[in-house]
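*Asks:* Quick one, structure for this:
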Amino acid sequence: MPLIFRRVRDNRAVTLKIHIDDGAPPYEQVRAQISEQARSGALPVGYRLPTVRGLAGTLGLAANTVAKAYRALESDGVIETRGRNGTVIAAAGSAAQREAASAAQGYAERARRLGLTEDEALAAVRDALRAVYGE
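*Replies:* Next up, the predicted model:
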């Protein structure tokens with residue numbers, strides 16, 4: 001019988017199933033499932049994961065098992081740990097591009113509603129990028 005963790009956030013249901021009788025170690029099952037759900041978008045960029053102890057307790061696993069999975073996920077760039085702010089799904093590769101495209105789309109729509117020309121909107125973006133990147 002699998003151990004199941006289910007968390008609902010932003011109307012999204014996220015489920016992890018650990019099969020004790022599976023040949024794969026539990027930490028690998030946690031790592032693979034979180035990685036796949038991040039890649040598919042089921043766990044969106046910025047989604048806050050449970051604490052190591054919280055997830056371990058829910059799944060009935062040792063904290064070291066979940067910590068090992070989180071370390072592997074962080075090493076792979078799937079998650080990032082933000083100290084007291086928790087562990088979140090990281091923007092990496094195509095996920096980062098999707099998030100940037102979504103933000104750009106939102107900005108373009110807002111700039112148009114504000115009555116900015118394309119040149120004015122692009123100038124605002126260039127100024128913001130220079131401020132952030134220090135150019």
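*Asks:* bridging residues for the most centrally placed residue in the chain?
*Replies:* Closest residue to the average C-alpha location of the chain: Ile89 at 1.8 Å, with CA atoms, centre = their mean. For Ile89, the beta-bridge partners are Ile79 (DSSP bridges).
*Asks:* Check the spacing between it and Gly41 real quick.
*Replies:* Here the criterion is CB to CB, to the nearest Å. By it, Ile89 lies 10 Å from Gly41. Using the backbone N, CA and C atoms, a C-beta is placed for each residue, glycine as well.
*Asks:* Lys17 and Arg112: what is the separation?
*Replies:* Plainly put, Lys17 is 45 Å away from Arg112 if you go by CB to CB.
*Asks:* quick one: which of the two has more around it?
*Replies:* Lys17 (15 against 12; other CB atoms under 10 Å).
*Asks:* Surely the more buried one is within a strand?
*Replies:* Yes. The assignment for Lys17 by DSSP: H, G, I helix; E, B strand; the rest coil puts it in a strand.
*Asks:* what residue ranges in the chain score low on pLDDT?
*Replies:* 1-14, 92-98 (pLDDT under 70).
*Asks:* Quick check: closest non-adjacent residue to Arg31.
*Replies:* Ranked by CB to CB, 6 or more residues apart in numbering and with sequence neighbours excluded, the top spatial neighbour of Arg31 is Ala69, at 4.2 Å.
*Asks:* now that we're looking at that neighbour, how far away is Glu118 from it?
*Replies:* Taking CB to CB, one finds Ala69 at 46 Å from Glu118.
*Asks:* Give me the more crowded residue out of the two.
*Replies:* The residue with more neighbours, out of Ala69 and Glu118, is Ala69; 27 against 10, by other CB under 10 Å.
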